[in-house]
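Visitor: Let's see this in three dimensions:
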Amino acid sequence: MHIYESLSLAPTGFTMGMVLMLLSLYVLLCPEPFRRQLGSMHAKSSAGTVLLGIDFIWVALLLFKADWNALCMPLFEFENFRGILLILCPVVWFVMSSMAKEQLFARALGMFLLLMAIVPMSAAFMKDPASRILIPLWWYPVLTVAMFWVAKPYLFRDWTAWLIRRPGLISALAVGNFVYGLAICTCAGLFW
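Guide: Okay, here's the model as predicted:
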C-alpha cells in the first residue's frame with residue numbers, strides 16, 4: 001500500500017480546509033496585493049523554474065525505489081520504464097526551464113496542482129462517511145483547470161487577466177472558498 005492510501009481522512013481534510021480558509025482570508029484582507037500578484041504571475045519565469053524543480057523532485061521521489069523512500073509508487077506493467085523515467089526527470093526539467101520559459105509558471109503550477117491533488121483524493125478514496133465527497137468535489141474542477149494550464153498555459157494569463165478586471169467576483173470566490181474550507185474542517189472534526 002502506498003503512503004498516500006494510508007493517510008487518515010480527518011487530518012487530511014482538516015489541513016485542506018485550513019489551507020482553503022487561510023488563502024481565502026488573504027484574498028479578502030489584501031485584495032490589491034493579491035490582484036497585483038495574480039497579474040504578474042504568468043511572467044515570472046524564475047518562479048516557474050523553481051516550482052517546476054519542485055514538481056520534478058516530487059515525481060523523482062515517486063519513481064525512486066529505495067527502502068527509505070516511502071513515496072515510491074508501484075508502476076505495475078510499466079516497471080521496466082522506472083530507470084528511464086528517473087533519467088528523464090532532470091533532462092525534462094532542464095529543457096523546459098531553459099527553452100520553454102514563456103508561460104513556464106502556468107505549466108509548473110498546473111503540474112503542482114496535479115501532483116497535490118492525489119494526496120487528499122487518496123485519503124478520501126472509498127472511505128466512510130459520504131461527506132468525504134467534499135474533497136473530490138473541490139479537486140475535480142481544480143484538476144480540470146490544471147490540465148488546461150499544462151497543455152495551454154496562455155489560458156492562465158487570459159483567465160487571470162479576466163479575473164483581475166472583476167474584483168467583486170474575486171471576493172465572491174474567496175468567500176465561497178472560505179465557506180467550503182469551513183465545511184471541510186467541520187466535517188473533519190465531527191464526522192471523519
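Visitor: Now do the helix of greatest length in the chain: distance to the chain's middle.
Guide: Of all the segments of type helix in the chain, defined by DSSP state H, the longest one is helix 167-190. How far helix 167-190 lies from its chain's middle: 17 Å, per C-alpha atoms, centre = their mean, to the nearest Å.
Visitor: So which elements touch that helix?
Guide: The contact analysis (3 or more C-beta pairs under 8 Å, 6 or more residues apart in numbering; DSSP states H and E) places helix 167-190 against helix 9-29, helix 31-40, helix 134-151, helix 154-164. (C-beta placed from N, C-alpha, C; glycine too.)
Visitor: what residue ranges in the protein score low on pLDDT?
Guide: For the chain, the stretches flagged by pLDDT under 70 are 1.
Visitor: redo that, cut-off 80
Guide: Judged against pLDDT under 80, the low-scoring parts of the chain cover residues 1-6, 42-45, 66-67, 69, 100-102, 126-128, 130-131.
Visitor: Between the helices and strands packed on helix 167-190, which one is closest to Leu86.
Guide: If you check each of the helices and strands packed on helix 167-190 against Leu86 by C-beta to C-beta, helix 134-151 wins as the nearest, at 20.8 Å.
Visitor: hey, C-alpha coordinates of the closest one in CSV?
Guide: Extracted in CSV, the C-alpha atoms of helix 134-151 (Å, rounded to 0.1, in the frame of the first residue of the first chain):
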residue,chain,number,x,y,z
LEU,A,134,-16.5,17.4,-0.3
ILE,A,135,-12.8,16.7,-1.1
PRO,A,136,-13.2,15.4,-4.7
LEU,A,137,-15.9,18.0,-5.4
TRP,A,138,-13.4,20.7,-4.8
TRP,A,139,-10.5,18.9,-6.5
TYR,A,140,-12.1,17.8,-9.8
PRO,A,141,-12.7,21.3,-11.1
VAL,A,142,-9.1,22.3,-10.0
LEU,A,143,-7.7,19.3,-11.8
THR,A,144,-9.6,20.2,-15.0
VAL,A,145,-8.2,23.7,-14.9
ALA,A,146,-4.7,22.5,-14.1
MET,A,147,-4.7,20.2,-17.1
PHE,A,148,-5.6,23.2,-19.3
TRP,A,149,-2.8,25.2,-17.7
VAL,A,150,-0.3,22.5,-18.5
ALA,A,151,-1.5,22.0,-22.1
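Visitor: isn't Ala188 right next to Met18, touching?
Guide: No: with contacts counted by C-beta atoms under 8 Å, Ala188 stays clear of Met18, the gap being 9.4 Å.
Visitor: Of the two, which one has the most company?
Guide: Taking Ala188 and Met18 together and counting by other C-beta atoms under 10 Å, Ala188 has the greater number of neighbours (24 against 15).
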